[in-house]
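1. After the sequence you'll find the predicted model.
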Amino acid sequence: MPVDGLRFERLRCFEWGEVDFGGAPTLLSGMNGSGKTTILEAIYLLSRGRSFRTGHPTQLIRRGCQAFGIEATIPVSSGSRSVRLTYDEKFNLSIDRQTATIREVTEILPLTLMDAEIAEIVLGGPEQRRKLLDWLMFHVEQESWRHWKQYRRALRQWQWALRTGMDGTIWVERMMEGIPRIESARKRLIEACLPFWQEAFESLFPGISWSLEYRSGIPSGVNLVEALRDWHPQRAERPLAPGPHRAEIEIELNGVPARQILSRGQAKLLSIGLMWGGAHFLAKKLAPRPLLLIDDFSSELDNVAQARLLNLLAHEPVQVIVTTVHPPRREETPRPYRLFHVEQGCIRSTASW
């Protein structure tokens, strides 16, 4: 479990707060504006060194105060680590009281946030689904991730060369260098995640058949080198050149593209299921177990969907922390959660729920 105890002070509406997550998945309940999302924000700040709600750190400080601090206990194989972040005109980050970098913290506290826009994984354009592969590649395919970054850098340079009338051949060659590694990594990741995605889909959409297909962004039979050398935005039939940057993950339900038939609530359900499956794959590859933060869980989900999703999310080894206005009834969710009620900067623990 990546987060055991969390403590913070002078953060937004909180003068002081403490949450003991224990070993169970966690529900944070409370009315709008009570401070639930701030608890997720505190964890996110520790891992990423920035907020997901504002780019101005001073907005995070409780009114009338000059600084804030956050600390978490992170269990590791050899015991535990203490991660602390403070802000007093600048950020200071430490692990066991030794100055640390964001990269070092991310390695022991890998997490992903799912907010109101999570449904865009299904409903949005291909770039939203490619981000799912990017997330997985970043954590477990470091060499392939390096090739993907180099490819995107060369792609931008090539596009700039075309716009300015320069010869972009050298950038085409550099783009081609990493494509085999990128494509192989993406296919491996999809194959490895399929069993977890299948489990999630069967739990969330019982009785419905589904399929997932990867499309590389390179049309069949096309010589990519020649296509890119001959491609120009003013002469092309399509607005984007072919290549891995146009790859797509096509998800179908009963033979129909999911984005065409799912409601926003159903798309949210499927998107969280895809992230859950990816996190379970990462849990097999990473020493620290991934953490999923889900904000405003109950929005757009009916009681049946909420119960199905809570039952799925409670599976170990992934740790899940969820905020919700109204949790479903206890009898609808057989798997145990630890429940905290948040109200205007106060956190109250209840019995396991």
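-> Great, that's in hand. Numbers count the residues shown, from 1 in each chain.

2. In this structure residue 250 contacts residue 212, no?
-> Yes - contact status for residue 250 versus residue 212: in contact at 7.2 Å, counting by C-beta atoms under 8 Å. Placement of C-beta: from N, CA and C, glycine included.

3. So those two - more neighbours on which side?
-> residue 212 (17 against 14; other C-beta atoms under 10 Å).

4. Double-check the more buried one against residue 253; I have them as touching.
-> No - in this structure residue 212 lies outside contact range of residue 253 using C-beta under 8 Å: 10.5 Å.

5. Do you have the helices of this protein handy? List them.
-> According to DSSP state H, the chain carries its helices in the segments 36-48, 102-108, 120-123, 126-140, 142-164, 169-204, 224-230, 258-261, 264-285, 303-313.

6. now the third one, how far from the centre of its chain.
-> Mean-position distance between helix 120-123 and its chain equals 13 Å (C-alpha atoms, centre = their mean, to the nearest Å).

7. which helices and strands sit right next to it?
-> Using 3 or more C-beta pairs under 8 Å, 6 or more residues apart in numbering; DSSP states H and E as the contact test, the elements touching helix 120-123 are helix 126-140, helix 258-261, helix 264-285.

8. Which residues does it contact?
-> Counting contacts by C-beta atoms under 8 Å, 6 or more residues apart in numbering, the residues outside helix 120-123 that touch it are 128-129, 131-132, 251, 258-259, 262, 264, 267, 270-271, 274-275.

9. quick one: low-confidence ranges for this structure?
-> 1, 23, 232-239, 331-335, 351-353 (pLDDT under 70).

10. Can you give me the domain assignment for it?
-> Under automatic domain parsing, the residue ranges defining each domain of the chain are 5-110+286-349, 121-259.

11. just to revisit the earlier point, just say which of the helices of the chain is most tucked in.
-> Between the helices of the chain, the one whose residues have the most neighbours on average, counting mean count of other C-beta atoms under 10 Å, is helix 36-48 (a mean of 23).

12. what's the spacing between it and its chain's center?
-> Once both centres are worked out by C-alpha atoms, centre = their mean, helix 36-48 turns out to sit 14 Å from its chain's centre.

13. swap in stretch 137-153?
-> For stretch 137-153, the distance to the chain centre is 17 Å (C-alpha atoms, centre = their mean).

14. likewise stretch 300-315?
-> A distance of 18 Å separates the C-alpha centroid of stretch 300-315 from that of its chain, computed with C-alpha atoms, centre = their mean.

15. One more: stretch 251-266?
-> Relative to where its chain is centred, stretch 251-266 has its mean C-alpha point 21 Å off (C-alpha atoms, centre = their mean).

16. Give me the contacts around it.
-> Among residues not part of stretch 251-266, those counted as contacts by C-beta under 8 Å, 6+ apart are 119, 122-124, 129, 205, 208-213, 250, 267, 270, 300-302, 305.

17. same question, stretch 169-184
-> Stretch 169-184 is touched from outside by 143-144, 147-148, 150-151, 154-155, 157-158, 161, 216, 224-225, 228-229, 243-244, with contacts defined as C-beta under 8 Å, 6+ apart.

18. what is the residue positioned nearest the centre of the chain paired to in the beta sheet?
-> Centroid-nearest residue in the chain: residue 112, 3.4 Å away (criterion: C-alpha atoms, centre = their mean). On DSSP bridges, the residues paired with residue 112 through beta bridges are residue 292.

19. picking up where we left off before, which one of the contacts of helix 120-123 is nearest residue 21?
-> Closest approach to residue 21 among the contacts of helix 120-123 (C-beta to C-beta): residue 275, at 19.3 Å.

20. Hmm, that closest one is touching residue 118, no?
-> Yes - using C-beta under 8 Å, residue 275 is in contact with residue 118, at 7.4 Å.

21. I'd say residue 228 and residue 245 touch.
-> No - because the distance of 11.4 Å does not satisfy C-beta under 8 Å, residue 228 is recorded as not touching residue 245.

22. Need the nearest residue in space to residue 291, chain neighbours excluded.
-> Among residues not flanking residue 291 along the chain, residue 111 sits closest, at 4.0 Å (C-beta to C-beta, 6 or more residues apart in numbering).

23. Can you report how many residues lie near that neighbour?
-> When neighbours are counted by other C-beta under 10 Å, residue 111 registers 21.

24. need the contact list for it.
-> Residue 111 sits next to 2, 43, 44, 47, 290, 291, 292, 293 when contact means C-beta under 8 Å, 6+ apart.
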